[in-house]
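Colleague: can't give you the sequence, but here's the structure:
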């Protein structure tokens, strides 16, 4: 039986830019097995939660059947500043019923990313 999410894998045609994007969101590169293709494992809380694979052709429809990946996050103002500095467009929504902020953006390869912040954070 499934107990939790282990990781997501995204394909990238610009590994360095993709790593910079996710570093701006707070993920850190860490140990990765010696695969025979380029890529990186990105960590949060000591766990490798995002695997980036490079060196492959990207599908014509970048998002495929996976609509988006969502992360719990903190530091909404800081994240917005970092995305603004990188010129990354985003959509910020305040969900009254859910008592949270949702920030949607796309990584350099087109993967849709959602960051969920507590409602108590100021925009």
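Modeller: Sure, I can see it. Quick caveat: nothing in here was measured; it's all calculated off a predicted structure.
Colleague: what's the average pLDDT for stretch 48-65?
Modeller: Averaged across stretch 48-65, the pLDDT comes to 83.
Colleague: pull out the buried residues from it.
Modeller: 48, 49, 50, 51, 52, 54 (16 or more other CB atoms under 10 Å). Using the backbone N, CA and C atoms, a C-beta is placed for each residue, glycine as well.
Colleague: which of those residues sit farthest apart?
Modeller: Within these, 49 and 54 form the most distant pair, 17.8 Å apart (CB to CB).
Colleague: how about the strands of this structure, start to end?
Modeller: 8-12, 28-30, 39-44, 47-54, 69-72, 90-95, 100-106, 112-118 (DSSP state E).
Colleague: want to throw the ones you listed into CSV with distance to residue 20?
Modeller: Shown next, in CSV, are these (distance: least, CB to CB, whole Å):
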stretch, distance to residue 20
strand 8-12, 11
strand 28-30, 11
strand 39-44, 11
strand 47-54, 11
strand 69-72, 17
strand 90-95, 16
strand 100-106, 14
strand 112-118, 14
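Colleague: which of the ones you listed sits closest to residue 18?
Modeller: Counting by CB to CB, and looking across all of these, nearest comes strand 8-12 at 4.1 Å.
Colleague: how much does the closest one deviate in direction from strand 47-54?
Modeller: Between strand 8-12 and strand 47-54, the angle comes out at 30 degrees (axes from the mean of the first three to the mean of the last three CA atoms, to 10 degrees).
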